[in-house]
Each structure stands twice: as C-alpha cells, then as structure tokens.
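In: sharing a model that was predicted from the sequence below.
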Amino acid sequence: MKAFHRVALALALALAATAVSAQTSFRRPADAVHYRRAALLVMAHHTADLGAMLRGATAFDPARARLDAQVIHTLARLPWPAFGPGTDVAGTQARPSVWTEHPRFLRDAERLQQATPQLVAAAQRGNIDALRAAFFRTVKTCKACHDSFRR
Ligand code: HEC
C-alpha cells in the first residue's frame, strides 16, 4: 500500500471512531446524565406544546405542530445511548431497573420511536384527528416507560 493510502485509511478510521463515540461515550458519567436529561426536557417541552394545541388550550398552529412533531421524532432517538453502564449516578431520576433490566428499557424506547413517524406524518397532513390519535399513542409510550424506569 502506498504511504498516501495508508494515511488516508488511518484518517478515515479515526473519523469513523469519532463519529461513533460522539453519540455513545461521555467524558464523565455526569455528562451522560446531563445530556440525556437535556434531550428529554426538550422533547417534553415540544410534547407539552403539541398537547396544549390538541386539547384546545392554545390555538392550533399547523406550522408549530409540524415542528413539534419533528423535534419529538428526532429527539426520541437521542437519550438511550446515554444510559450506559456506570451512569447510575447522583443527579439522575432513573431507577436502577434501567440497568438491571436494560433490554426491557430499550424495548420501551423502541416503542416511542415506532410511534413518532405517524406523529410526523399526521402533522404534515395537518389532519387534527389523526394527529390527536398519534399523539395519544406517543404519550402512552412515555408513561409506560416512566412507570417502570423513572422515579
Ligand atoms: C424508554 C424509557 C422512556 C421513554 C420512552 C420516555 N422517557 Fe422520559 N425519562 C425516562 C427516564 C429514565 C428519565 C430519567 C432520566 C435521568 O434523570 O437520568 C426520564 C426523564 C424525563 C423527564 C425529566 C427531564 C429532566 O429535566 O431531568 C421528562 C420531562 C421526560 N422524561 C419526558 C418524557 C416524554 C414527554 C416522553 C415521551 C415523548 C418520554 N419522557 C419518554 C425514561 C423514558
């Protein structure tokens, strides 16, 4: 292999490694807690905003509903890799069951991620009944996980 190719390969591998670790590893356990709580907080803010519009507590704004659905859909993938081993530390509201029953926890996370594409699709169509149904299915998955895994 020519020297240039070896350097290019080494660079490509280093970049790939960075891309993976950016999502799944944190310098300190407290950073993982901060990251996942921040992601959950932002996701919850947009869930509450959409919920208020669907209840009629605030005026329905289709563009805002589309943004809310998209944010929920995107953020629904983020918190789970931050619940790695060794991150059951001070400052978390997660129950120890997150770690002792991790496969079940990840299945609950998967249920949320299976619900959000329909939320996005209904928001895109601007169909309030479909959106309300998809929203109800989505928040049921939040509650199901909290009942088992959050203090
Ligand atoms: C797979 C399980 C799971 C699902 C699904 C889930 N959560 Fe949570 N949630 C947790 C856990 C565990 C915590 C505690 C995290 C921590 O403190 O480390 C949490 C924390 C939170 C918090 C507190 C954030 C903070 O300020 O610390 C909010 C708000 C929240 N979730 C809202 C939601 C909403 C809204 C949904 C659905 C759209 C949702 N969650 C879906 C497990 C889940």
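Out: Thanks, I have the structure now. Residues are numbered from 1 along each chain as shown.

In: send me stretch 76-90 as PDB with only the CA atoms.
Out: The C-alpha trace of stretch 76-90 is given here as PDB (Å, rounded to 0.1, in the frame of the first residue of the first chain):
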ATOM      1  CA  ALA A  76     -36.800  10.300  20.600                       C
ATOM      2  CA  ARG A  77     -33.600   8.600  19.300                       C
ATOM      3  CA  LEU A  78     -31.100  10.500  21.500                       C
ATOM      4  CA  PRO A  79     -31.400   9.800  25.200                       C
ATOM      5  CA  TRP A  80     -31.000   6.000  25.200                       C
ATOM      6  CA  PRO A  81     -27.200   5.600  24.400                       C
ATOM      7  CA  ALA A  82     -26.600   8.000  27.300                       C
ATOM      8  CA  PHE A  83     -27.900   5.300  29.800                       C
ATOM      9  CA  GLY A  84     -24.700   3.300  29.600                       C
ATOM     10  CA  PRO A  85     -23.100   1.300  32.300                       C
ATOM     11  CA  GLY A  86     -21.700   3.300  35.200                       C
ATOM     12  CA  THR A  87     -24.100   6.200  34.600                       C
ATOM     13  CA  ASP A  88     -26.400   5.400  37.600                       C
ATOM     14  CA  VAL A  89     -25.000   8.400  39.500                       C
ATOM     15  CA  ALA A  90     -26.200  11.300  41.600                       C
END
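
In: okay, the residue nearest in space to the middle of the chain: pLDDT?
Out: By C-alpha atoms, centre = their mean, the mean C-alpha position of the chain lies nearest to residue 76, the distance being 2.4 Å. Reported pLDDT at residue 76 in the predicted model: 98.

In: and the gap between it and residue 100?
Out: Per C-beta to C-beta, to the nearest Å, residue 76 is found 23 Å from residue 100. To be clear about C-beta, it is placed using only N, CA and C from the backbone, and glycine gets the same treatment.
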